[in-house]
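Colleague: Build me a structure from this.
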Amino acid sequence: MDVDSAELDEAVTANQLKIRASLRPRYDFIVCGSGSAGSVVARRLAGNPDISVLLIEAGGSDSTPEVEMAAAWPLNLGSARDWGFTALPNPHLNGRAIPMNMGKVLGGGSSINVMVWARGHKSDWDYFAAESGDPAWSYESVLAIYREIENWQGRPDPARRGRDGLLYVAPPVEPNPVATAMLGAAGELGITVFDDHNGLMMEGPGGASYANLCIRDGRRQSIFRSYAYPIMNQPNLTVLPDTLVRRVLFERGAAAGVECLLDGQSRRFQASQEVVLSLGAINTPKVLMQSGIGDADALAALDIPVIQHLPGVGANFQDHIMVSSCIWEYPEPIAPHVNGGELIIFAKSAAELESPDIQLLQMQFPVVTPELAARQTVPAGSWGICPALVRPRSVGRLRLTSARCEDPILIDSQILSHPADLVALRRCVALAREVGNAQALRSFAKREVLPTELGSAAMDEFIRDGVTTVWHQSCTAKMGRDHMAVVDSRLKVYGVERLRVADASVMPRTTSSNTMAPSVIIGEQAARAIVRERKLACPAIALL
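Modeller: Numbers count the residues shown, from 1 in each chain. This next block holds a predicted model:
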């Protein structure tokens, strides 16, 4: 730790202890959730020293080796830093109830994820602009924000990449040799190899590239640590961990504050200007519904007073899924490198598609579901390729079980309910096997362990037993203009004043990439909209 970091840590600790000893009853803005969007909103608003911001997080401290060290990310899954959600048993997955991990810690998902910085395809952002009716969401507009916020360490690309922003983003340092060989395999198969998977590659039909990673000297660079933490020594930003948001409070149809559970006691905090929900695609709709915003009939059945009828709350659930995984045994094991996955291939499962819908994720260690492990012993000295679906057609729904915040929410994921998703995954598995068995990877493959050559029925069973989430839950409070939309293009909740949503739940459809980087953009867009509408002086975003 350098001197500056030590001084900042000391100043942050002293300041936050002082602030929390005498919490205010009222703040200008209350941001619920410290993840990839909430941390952004809090940072941008608190850039004005005259604006008071309360940032609330249900989880605890991120000062732990499992969060800080990039290679330790798997240890966070199933820990106290994981909400530990599980989807309902799914008949399309042979009745399996799969885990839906989500970050419950300062930094949210950005503190427990695999640290891949993936911006999304050009077609994703242009779709957002079309659905919202707002060109501010177009690829061209969003690209300008990405250039502003990135501190890109790779090959210069002034048209697409920035070097002066808050977020440290870099290609892998000394990549694992399997990742390098996988680029060679892609070339063998006629897949275009790119220098940067967030550059030109995300404007075309696909390709192969090393991943962009939020890792510096082997340490995680979470969005919370990049955005919110550096200004937590300011008196106008209060960060309140270990605090559960139970519901939004209303006065005359406008959000007036939140009710929380803090130290086992119910507490209320008022917001003089706005409440922003950034709790993620499961907890944001849960809090909205518990607050009386959702389908009126469903709320009435649970004796929840209806504030605003919005049937889209909790609907449109989407998630990226992967088959874990196609596996090869090493002749001589190679230790995993940093985050354990440094190479990405995007492709189309069908030539007529507008943009890539499948993805191959290199894994430097075996990843198998219990169901697949029961079929085949997987040597510890193995590596894999996870075939993933990034443009799912299947759509699920979330439902409350009661009005009590302590009671679970039902996650009816409906994964693989649309037949086209199974077709796409079949083609994705076939592509993964072609890549893994290519000449360029022969020296790293003693034998193919899973799935090997299978008939169509057996392959479908392999997929159904192997599917897991890629932890990109989204779209459950979508932005748009139809009757199922929950927020408008400025992320304001329809029919409710002074309430916005800023997280992956506002996506009209999930982006065809990891969702951390798009969530940062959502946070930036929310902050910009607030500053513009309320005519606030926030110099840090004046030029965005």
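Colleague: Now do the helices in the stretch 51-200 of the chain.
Modeller: 65-68, 122-132, 139-149, 177-188 (DSSP state H, counting those that start in this stretch).
Colleague: now those helices as JSON lines including mean pLDDT?
Modeller: Shown next, in JSON lines, are these (pLDDT from 0 to 100):
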{"stretch": "helix 65-68", "mean pLDDT": "97"}
{"stretch": "helix 122-132", "mean pLDDT": "98"}
{"stretch": "helix 139-149", "mean pLDDT": "97"}
{"stretch": "helix 177-188", "mean pLDDT": "97"}
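Colleague: between those, which one is nearest to V435?
Modeller: helix 177-188 (4.8 Å; CB to CB). C-beta coordinates here come from the backbone N, C-alpha and C atoms, glycine included.
Colleague: what comes into contact with stretch 345-362?
Modeller: With contact meaning CB atoms under 8 Å, 6 or more residues apart in numbering, stretch 345-362 is reached by 121-124, 178-179, 182, 186, 191, 197, 201, 205-208, 320, 322, 341-344, 383-391, 423-425, 427-428, 431-432, 435, 470, 512.
Colleague: Let's see which of these end up in helices.
Modeller: 122-124, 178-179, 182, 186, 423-425, 427-428, 431-432, 435 (DSSP state H).
Colleague: Among the residues you listed, find me the one that's closest to D297.
Modeller: Taking CB to CB as the measure, D297 sits nearest to D124 out of the ones in helices among the contacts of stretch 345-362, at 32.9 Å.
Colleague: which ones are touching that closest one?
Modeller: 139, 355, 509, 511-513, 518.
Colleague: need the residues you listed in JSON lines with neighbour count and distance to E259, can you?
Modeller: Converted to JSON lines, those look like this (neighbours: other CB atoms under 10 Å; distance: CB to CB, whole Å):
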{"residue": "Y139", "neighbour count": "21", "distance to E259": "39"}
{"residue": "S355", "neighbour count": "20", "distance to E259": "43"}
{"residue": "R509", "neighbour count": "18", "distance to E259": "32"}
{"residue": "T511", "neighbour count": "28", "distance to E259": "32"}
{"residue": "S512", "neighbour count": "25", "distance to E259": "37"}
{"residue": "S513", "neighbour count": "25", "distance to E259": "36"}
{"residue": "P518", "neighbour count": "25", "distance to E259": "30"}
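Colleague: what's the neighbour count on the residue nearest to A58 when sequence neighbours are not counted?
Modeller: Spatial nearest neighbour of A58, chain neighbours left out: L244 (4.8 Å); criterion: CB to CB, 6 or more residues apart in numbering. For L244, the neighbour count with other CB atoms under 10 Å is 18.
Colleague: Which helix or strand contains L244?
Modeller: Assigned by DSSP states H and E, L244 belongs to strand 243-251.
Colleague: From the rest of the structure, what touches that strand?
Modeller: Counting by CB under 8 Å, 6+ apart, 32-33, 56-58, 255-262, 266-268, 270, 275, 277, 279, 283, 287-288, 290-293, 307, 405, 496, 499 sit against strand 243-251.
Colleague: Could you rerun that using 7 Å?
Modeller: For strand 243-251, the external contacting residues (CB atoms under 7 Å, 6 or more residues apart in numbering) are 32, 56-58, 255-262, 268, 275, 279, 287, 290-291, 307, 405, 499.
Colleague: Name the strands paired with it and say parallel or antiparallel.
Modeller: strand 254-262 (antiparallel) (DSSP bridges).
Colleague: For the partner strand, give me every contacting residue.
Modeller: Residues outside strand 254-262 that contact it (CB under 7 Å, 6+ apart): 30, 32, 56, 243-250, 266-271, 274-275, 496-499.
Colleague: Mind doing that once more with 8 Å?
Modeller: By CB under 8 Å, 6+ apart, the residues outside strand 254-262 that reach it are 26, 30, 32, 56, 240, 242-250, 266-271, 274-275, 405, 496-499.
Colleague: Which stretches in the stretch 251-400 of the chain count as helices?
Modeller: So, for the stretch 251-400 of the chain - with DSSP H, counting those that start in this stretch - the helices run 280-290, 296-301, 370-375.
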